[in-house]
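K.L.:
please find the sequence and the predicted model below.
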Amino acid sequence: MTPAGGARNDGDRVTSCPGCGADMQRLEFERQQVGVVALDFCFPCQVIWFDNFESLQLTPGGILEVFKTLHEQRASTRNTLPALLNCPRCQARLALTHDLQHATHFTYFRCEFGHGRLTPFFQFLLEKNFVRPVTGAELADLKAKVRQIQCSNCGAPVDLEHDSACRYCGSPISILDPGAVAKTVNALNTAQARLNTVDVDRLATALLTPPPRDTGAPHIMGDLVMTGLAVVAALLIR
């Protein structure tokens, strides 16, 4: 498998991010059957460009490498995606598309001429079953400790005192699902040893525990999903 972070040297054209217009970073991951899948990332916008069918061509190991890459390359700031996005291949308007993977609903922005799709990091994690909505008990626990978070989908602020979903994009408050992470790792024969290092109970507790504060005031924290990447990656990589 080509390691995450391996750049292509085949002379392919650079992909411009439909969000900010900057050059996207191209990285290779293991493809089903044979070869590699080259994906284009914009880490400040938290999006991935998939040429047609590339998302379905990733091996389970490739999916896990993408997961690690989202943590390792996480940007310190996040761009807000514009309302209108164009295909980086043909410049046609990308269409917001609703899809279903088993029982999981997710969205992406699709080129209607078949050139590919733009997927936000959060929606990729939804599609691959790393993410789930928080339960009522978890939300109550969060409200007691945290005043405000960022929406994992669009980055907008979510006031936990009054909202259980984002007012801007409608996405429910979600967290990484430690059970799904363990199942994904279990699917990788070469990563079986890593599975034994994942303490799911510790992971679930860590994802819902904000950093301590001396003031005793409610804490303001960032995106629960992207924050959780650091916790999961630390357990998987060590």
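P.N.:
Alright, I've got the coordinates.
K.L.:
residue 22 and residue 97, how far apart?
P.N.:
Distance, residue 22 to residue 97, by C-beta to C-beta, to the nearest Å: 24 Å. C-betas here are computed from N, CA, C, even on glycine.
K.L.:
check residue 76 too.
P.N.:
30 Å.
K.L.:
between these two, tell me which one has more neighbours.
P.N.:
Using other C-beta atoms under 10 Å as the criterion, residue 76 and residue 97 rank with residue 97 on top: 14 against 6.
K.L.:
for the nearest residue to the more buried one once chain neighbours are set aside, what are its contacts?
P.N.:
Leaving aside its chain neighbours, residue 97 sits nearest to residue 110 (4.3 Å; criterion: C-beta to C-beta, 6 or more residues apart in numbering). By C-beta atoms under 8 Å, 6 or more residues apart in numbering, the residues touching residue 110 are 94-95, 97, 116-117.
K.L.:
in a strand, residue 110, correct?
P.N.:
Yes: the assignment for residue 110 by DSSP: H, G, I helix; E, B strand; the rest coil puts it in a strand.
K.L.:
what's opposite it in the beta bridge?
P.N.:
Residue 110 has these beta-bridge partners by DSSP bridges: residue 95, residue 117.
K.L.:
offset the numbering so it begins at 140, please.
P.N.:
Sure thing, new numbering starts at 140, so read that last one as residue 249.
K.L.:
quick one: it and residue 152, what's the gap?
P.N.:
To residue 152, residue 249 is 20 Å away according to C-beta to C-beta.
K.L.:
for stretch 289-307, measure first residue to last.
P.N.:
Terminal residues of stretch 289-307 are spaced 11 Å apart (C-alpha to C-alpha, to the nearest Å).
K.L.:
just the residues contacting it, thanks.
P.N.:
Stretch 289-307 has contacts (C-beta under 8 Å, 6+ apart) with 185, 217, 219-220, 259, 261-262, 270, 278, 281-282, 285-288, 308, 310-313, 361-365.
K.L.:
whichever of those residues end up buried, select them in PyMOL.
P.N.:
The PyMOL selection below is limited to those of the contacts of stretch 289-307 classed as buried (16 or more other C-beta atoms under 10 Å):
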select buried, resi 185+217+220+259+261+262+270+278+281+285+288+308+310+311+312+313+362+363+364+365
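K.L.:
against residue 205, how distant is residue 198?
P.N.:
From residue 198 to residue 205 the distance is 11 Å (C-beta to C-beta).
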